[in-house]
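1. structure here, sequence nowhere to be found:
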């Protein structure tokens, strides 16, 4: 595939931290915007190298007081795993245009203690954690912790593992804290500085948490390419949302044809989005921005979309009518794009992610030593995926 835009030339987008077990966890536009195929992560699979799985049968047999909670977590992990399988089947026509990866995070006691240190530094309350912890993802990470890390930590002793599970699930406070910690492991073990760039953040609820991490630096120099690229992405994804989402067999097949046969048309659309991104200025009345962008799209972009999706005149008009039917969504997207061109909060998340990675590896002292350098070097491009 020819290079589609200047931002994508040597980057490997990572859709993270949620495994892609549902359609809302990856935008259709993600497959079209980047030259390098994006990386989608799968649910944990401790069955590959772990053990102690007989404790599930023991829970059924012994019926401890905590059985319902344990079996519920186990079922949520199963739902996450099954969801990933369904998504991979749905995306099969695009198989050459993305990579799937199994992320294995260290989840032993030492790793969890470091996450606990991070939580203590930020001061996350249990109520705040509920707002950003995806219970299905946390369930998968918890079962990975039990069946992989603790299985080896306890010398592959199933009875010792059962006692550990009893201790965790019998104590509601400990259980809740552990769910938060194992979920955050997927953030804490991102490699600082790459190799994945940009990071396609598919849990926007994490943003307030990430901005609270010591190590972000809003005064860091922001490359102009980041600002335009981020804004162009916001526009591109909104343009293609009506015809390509929700993801289903018909839309996936359409995207596959576009990628295989219409690279020039994709490139033309991206260039128009970059052109529009360079012109974004937030007026005194933010809603007026939607009208300005609407006019630009009708005059300069609609034909490129019609060419890419092979829309006739009637279908093109229907597309334009639906495109701006939800003004609130467009307003939010354009304000986000404007924030990117002005160096908004998404920029500071780059330092936060690098800071977390440093904490996970070396502890809080090393984190503070690197604080000023992080924002300028780690994860320079942070984009959001989910609504």
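-> Happy to help now that I have it. The structure displayed is predicted, hence computed values, not measured ones. Numbering: from 1, shown residues only.
2. and the end-to-end length of stretch 97-111?
-> 34 Å (Cα to Cα, to the nearest Å).
3. tell me which residues of that stretch are tucked away?
-> Within stretch 97-111, the residues that qualify as buried are 97, 98, 103, 105, 107, 111, counting by 16 or more other Cβ atoms under 10 Å. C-betas here are computed from N, CA, C, even on glycine.
4. for residue 319, see how far away residue 302 is.
-> Per Cβ to Cβ, to the nearest Å, residue 302 is found 8 Å from residue 319.
5. show me what the host helix or strand of residue 136 is packed up against.
-> Element membership of residue 136 [criterion: DSSP states H and E] is helix 135-144. Of the remaining helices and strands, those touching helix 135-144 by 3 or more Cβ pairs under 8 Å, 6 or more residues apart in numbering; DSSP states H and E are helix 67-90, helix 172-188.
6. which stretches of the stretch 1-150 of the chain form helices?
-> With DSSP state H, counting those that start in this stretch applied, the stretch 1-150 of the chain shows helices at 30-33, 55-62, 67-90, 109-122, 126-132, 135-144, listed in chain order.
7. who wins for proximity to residue 298 among these?
-> Relative to residue 298, the nearest member of these by Cβ to Cβ is helix 30-33, separated by 21.3 Å.
8. which of the helices and strands packed on helix 135-144 sits most buried?
-> Counting by mean count of other Cβ atoms under 10 Å, helix 172-188 has the highest mean neighbour count of the helices and strands packed on helix 135-144, with a mean of 20.
9. quick check: angle from that one to helix 67-90?
-> An angle of 20 degrees separates the directions of helix 172-188 and helix 67-90 when computed by axes from the mean of the first three to the mean of the last three Cα atoms, to 10 degrees.
10. just give the number of residues close to residue 300.
-> By other Cβ atoms under 10 Å, the residues close to residue 300 number 12.
11. wait, it sits on residue 271?
-> No. Counting by Cβ atoms under 8 Å, residue 300 sits too far from residue 271 to count as a contact (10.4 Å).
12. hang on, the earlier thing: out of the helices of the stretch 1-150 of the chain, which is closest to residue 315?
-> Distances from residue 315 to each of those were compared using Cβ to Cβ; the shortest belongs to helix 30-33, at 18.8 Å.
13. centre of the chain versus that closest one, how much separation?
-> Once both centres are worked out by Cα atoms, centre = their mean, to the nearest Å, helix 30-33 turns out to sit 14 Å from its chain's centre.
14. for that helix, name the packing helices and strands.
-> Under the contact rule (3+ Cβ pairs under 8 Å, 6+ apart), helix 30-33 is packed against helix 224-244, helix 249-261.
15. which residues does it contact?
-> Contacting residues not belonging to helix 30-33 are listed as 4-5, 8, 13, 15, 37-38, 94, 97-98, 200, 233, 236-237, 240, 255, 258-259, 266, 270, 385 [Cβ atoms under 8 Å, 6 or more residues apart in numbering].
16. go on, stretch 48-68?
-> The list of residues contacting stretch 48-68 from outside it, by Cβ under 8 Å, 6+ apart, reads 47, 70-71, 74, 144, 146-148, 150-152, 156, 158, 161-162, 165-166, 169-170.
17. show me just the buried residues among the residues you listed.
-> Listed as buried from those are 70, 74, 144, 146-148, 150-151, 161-162, 165-166, 169; burial here means 16+ other Cβ under 10 Å.
18. low-confidence stretches in this structure?
-> Applying pLDDT under 70 to the chain picks out residues 1-11, 190-196, 214-228, 280-290, 326-387.
19. 50 - rerun?
-> Within the chain, the stretches falling below the threshold (pLDDT under 50) are 1-9, 217-222, 340-348, 358-381, 387.
20. care to break it down by domain?
-> By the assignment in automatic domain parsing, the chain contains the domains 6-204, 224-341.
21. so can I have a markdown table of those domains showing distance to residue 213?
-> Rendered in a markdown table, the data for the domains of the chain read as follows (distance: least, Cβ to Cβ, whole Å):
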| stretch | distance to residue 213 |
| --- | --- |
| domain 6-204 | 6 |
| domain 224-341 | 19 |
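22. how about those, which one is nearest residue 212?
-> With Cβ to Cβ as the yardstick, what comes closest out of these is domain 6-204 (4.9 Å).
23. just to revisit the earlier point, which one, of the helices and strands packed on helix 135-144, ends up nearest to residue 309?
-> Evaluated over the helices and strands packed on helix 135-144, closeness to residue 309 peaks at helix 67-90, with 19.5 Å, by Cβ to Cβ.
24. angle of the closest one against helix 249-261?
-> Here helix 67-90 runs at 50 degrees with respect to helix 249-261, directions being taken by the same axes, to 10 degrees.
25. by how many degrees do helix 67-90 and helix 55-62 diverge?
-> Inter-element angle recorded for helix 67-90 and helix 55-62: 140 degrees (by the same axes, to 10 degrees).
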